[in-house]
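**Student:** Sequence unavailable; structure follows:
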């Protein structure tokens, strides 16, 4: 979110207050207190009204586009039982609270806040409206009428890394980062680990842009990485600017959050795409059936929420075969991206041999793995 996909005023305050360097996100949150399920809405025979609030434009080709595509597909599958609406380009901060309250006033009984930086606003509005159910993408706070959903973005990044590690000629990869928070750091590290699984010589350079959607800055960051010798790029930002910059330079890159294969077909190796439709159908049905309850849901390749799609036909067959094998491992549960031993780029062991990282570990990532150059910024 885009945590993605990847998020500004509220996120800045969170970063400043965090004790970790680095969506999840600043630190592993305390275990949620048990909650009683919010009461089911009265059955009036009218369709369920559901509202969505987006941080970017629906045409961003990335994070917001993927959420809106999921919204439209899920609504279509509900056969008239659900009517949805959305508000796009909502800044994180006071404006988010205003828009959320407006959606409540319009009679929406289920509201999705689709950016990590909306967390303070959705928490406050949910508390004031106990008869409305709220869902927050990539956050960590729950309440009687507030739950969290997110995707295992890092699984897509790992698959991209496997392909990148086999396509690079310089053995240098580049990553355009949004904010140095655990969600993004997981993706950088997974991309690098995936590449190193097929090419131990891999190193990764990172440039931060302090934005989720800023095409000019994303372009500048991509060009900087290309100038430093990176010949395969990935990003945790919402536009297609990085992919386009790679094509202009005759290099390779990936789409992020949605299928970007049509944007720069000569550079496009694949897209780390999200499919939110399945979760949205589940959520709609939970409300309609009276089974909705506060919980944290994290879906990945296994559940069909994450995948590396439109893998380039010009990639060698052996390279595509290795991506397919890893994908099957993720689906079957025989492969976990973060399995020890894992060492950070200072040589410190951060996950012991044979240990599979749990959610607490993944939620507290504040380091680069071995092979990623530089230091994690302390904040914006």
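**Tutor:** Looks like it arrived, so ask away. Since this is a predicted model, take the numbers as computed values, not measurements.
**Student:** When you work out contacts or count neighbours from here on, use the C-alpha atoms and nothing else.
**Tutor:** Fine.
**Student:** pLDDT value on residue 64, please?
**Tutor:** On pLDDT, residue 64 comes in at 95.
**Student:** Do I have it right that it meets residue 56?
**Tutor:** Yes - here residue 64 lies in contact with residue 56, judged by CA atoms under 8 Å, at a distance of 5.7 Å.
**Student:** and the two? which has more neighbours close in?
**Tutor:** residue 64 (31 against 24; other CA atoms under 10 Å).
**Student:** next SSE after the helix or strand hosting the more buried one?
**Tutor:** Here residue 64 sits within helix 63-77, counting by DSSP states H and E. The helix or strand immediately downstream of helix 63-77 is strand 82-87, counting by DSSP H and E.
**Student:** Name the residues that touch whichever helix or strand comes after that next one?
**Tutor:** Sequence-wise, the next helix or strand downstream of strand 82-87 (DSSP H and E) is helix 94-105. Here helix 94-105 makes contact (CA atoms under 8 Å, 6 or more residues apart in numbering) with 51, 53, 87, 90, 111, 118, 121-122, 124-125, 132.
**Student:** next one: stretch 188-198
**Tutor:** If you take CA under 8 Å, 6+ apart as the criterion, stretch 188-198 is touched by 154-155, 157-166, 175, 202-204, 337-338, 368-369, 371-372.
**Student:** In that stretch, which residues are buried?
**Tutor:** 188-196, 198 (16 or more other CA atoms under 10 Å).
**Student:** Number of residues surrounding residue 97?
**Tutor:** Neighbour tally, residue 97, other CA under 10 Å: 21.
**Student:** Residue 353 now?
**Tutor:** Residue 353 has 11 nearby residues by other CA under 10 Å.
**Student:** Check residue 262 too.
**Tutor:** Around residue 262 there are 10 residues (other CA under 10 Å).
**Student:** secondary structure class for it?
**Tutor:** coil (DSSP: H, G, I helix; E, B strand; the rest coil).
**Student:** cool, the one 10 residues further on as well?
**Tutor:** The local conformation at residue 272, judged by three-state DSSP, is strand.
**Student:** Per-residue confidence, residue 88, what does it come out as?
**Tutor:** 97.
**Student:** Do I have it right that it meets residue 59?
**Tutor:** No - with contact defined as CA under 8 Å, residue 88 does not count as touching residue 59 (9.8 Å).
**Student:** Kindly state the pLDDT recorded for the residue nearest to residue 114 when sequence neighbours are not counted?
**Tutor:** In space, and not counting its chain neighbours, residue 114 is closest to residue 137: 4.8 Å by CA to CA, 6 or more residues apart in numbering. Listed pLDDT for residue 137 reads 96.
**Student:** From residue 260, how far off is residue 291?
**Tutor:** Going from residue 291 to residue 260 by CA to CA, to the nearest Å gives 36 Å.
**Student:** Neighbour count: the two, which is higher?
**Tutor:** Of the pair residue 291 and residue 260, residue 260 is the one with more neighbours under other CA under 10 Å, namely 25 against 13.
**Student:** Just give the number of residues close to the closest residue to the more buried one other than its chain neighbours.
**Tutor:** Distances taken as CA to CA, 6+ apart place residue 271 nearest to residue 260, at 6.3 Å, with adjacent residues excluded. By other CA under 10 Å, the residues close to residue 271 number 26.
**Student:** Now do the contacts for residue 271.
**Tutor:** 160, 254-261, 307-311.
**Student:** Buried only: go through the contacts of stretch 188-198 for me.
**Tutor:** For these, burial is judged from neighbour counts taken by 16+ other CA under 10 Å, and it is met by 154-155, 157-166, 175, 202-204, 337-338, 368-369, 371-372.
**Student:** Can you classify residue 166 as helix, strand or coil?
**Tutor:** Here residue 166 takes the helix state, with states given by three-state DSSP.
**Student:** before we move on, the earlier item: among the contacts of stretch 188-198, name the ones in strands.
**Tutor:** In strands, defined here by DSSP state E, the members of those are 175, 203-204.
**Student:** Just the ones of the contacts of residue 271 in strands?
**Tutor:** Reading strands off those with DSSP E, I get 254-257, 307-309.
**Student:** Tabulate these (a markdown table), appending distance to residue 101, pLDDT and neighbour count.
**Tutor:** Shown next, in a markdown table, are these (distance: CA to CA, whole Å; pLDDT from 0 to 100; neighbours: other CA atoms under 10 Å):
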| residue | distance to residue 101 | pLDDT | neighbour count |
| --- | --- | --- | --- |
| 254 | 37 | 98 | 32 |
| 255 | 34 | 97 | 36 |
| 256 | 31 | 97 | 34 |
| 257 | 28 | 95 | 33 |
| 307 | 34 | 98 | 26 |
| 308 | 37 | 98 | 28 |
| 309 | 37 | 98 | 21 |
